[in-house]
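*Asks:* need a structure here:
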Amino acid sequence: MLLSRIFLFTPRRIVGARSQSVLSTTTTAREFKVVLDNGTVYVDQALAEALGWTPQQAQGVSLTLSGWQPHYFAITRTGTDSDLLARGTVESSRNPKVQQMLDYLKDR
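*Replies:* Prediction:
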C-alpha cells in the first residue's frame with residue numbers, strides 16, 4: 001500500500017559560541033511529496049540533492065531520523081549541524097525541567 005506524505009526540509013546552520021548559539025535559516029523551507037511503501041521512503045531527485053546526494057556518488061547519503069513524539073520528527077544528513085540540532089532537541093525533551101517549562105507554557 002502506498003502512502004503519500006508531505007516532507008518539509010529546512011536547512012539550518014548553528015552560528016556562535018557553545019554557550020550562545022544562534023539559529024540561522026540559510027534558505028527558505030520547501031515542501032516535497034514523498035511516498036512511503038513498506039518501510040521505504042521514496043523521494044524525487046530535488047529532495048535527494050537537498051539532502052546531499054549527487055549524481056556522481058556511488059554510495060548513498062547517511063541520514064538520521066530523530067523524533068520527539070507526538071510533534072517533532074526530523075530527517076537530517078548524519079553529522080551535520082542540523083543533525084546535532086535535531087538530536088539536541090530530542091535530548092532536551094527528556095529533561096524534566098524542560099518538560100515542566102513546556103507544560104507551563106502550554107497552559108498560557
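
*Asks:* which strands and helices sit next to the longest helix anywhere in the chain?
*Replies:* For the chain, the helix that runs over the most residues, judged by DSSP state H, is helix 81-93. Judged by 3 or more CB pairs under 8 Å, 6 or more residues apart in numbering; DSSP states H and E, helix 81-93 is in contact with strand 12-17, strand 63-68, strand 72-77. Glycine gets a C-beta too; all of them are placed from N, C-alpha and C.

*Asks:* what angle sits between the helix or strand that that helix is followed by and helix 81-93?
*Replies:* The first helix or strand that comes after helix 81-93 along the chain, using DSSP states H and E, is helix 96-106. Between helix 96-106 and helix 81-93, the angle comes out at 90 degrees (axes from the mean of the first three to the mean of the last three CA atoms, to 10 degrees).

*Asks:* can you give me the buried ones in stretch 52-59?
*Replies:* Across stretch 52-59, burial judged by 16 or more other CB atoms under 10 Å covers Trp53.

*Asks:* hey, C-alpha coordinates of it in PDB?
*Replies:* Extracted in PDB, the C-alpha atoms of stretch 52-59 (Å, rounded to 0.1, in the frame of the first residue of the first chain):
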ATOM      1  CA  GLY A  52      23.400  15.900   0.000                       C
ATOM      2  CA  TRP A  53      23.100  13.300  -2.700                       C
ATOM      3  CA  THR A  54      24.900  14.000  -6.000                       C
ATOM      4  CA  PRO A  55      24.700  12.100  -9.300                       C
ATOM      5  CA  GLN A  56      28.400  11.300  -9.200                       C
ATOM      6  CA  GLN A  57      28.100   9.400  -5.900                       C
ATOM      7  CA  ALA A  58      28.500   5.600  -6.000                       C
ATOM      8  CA  GLN A  59      27.400   5.300  -2.400                       C
END
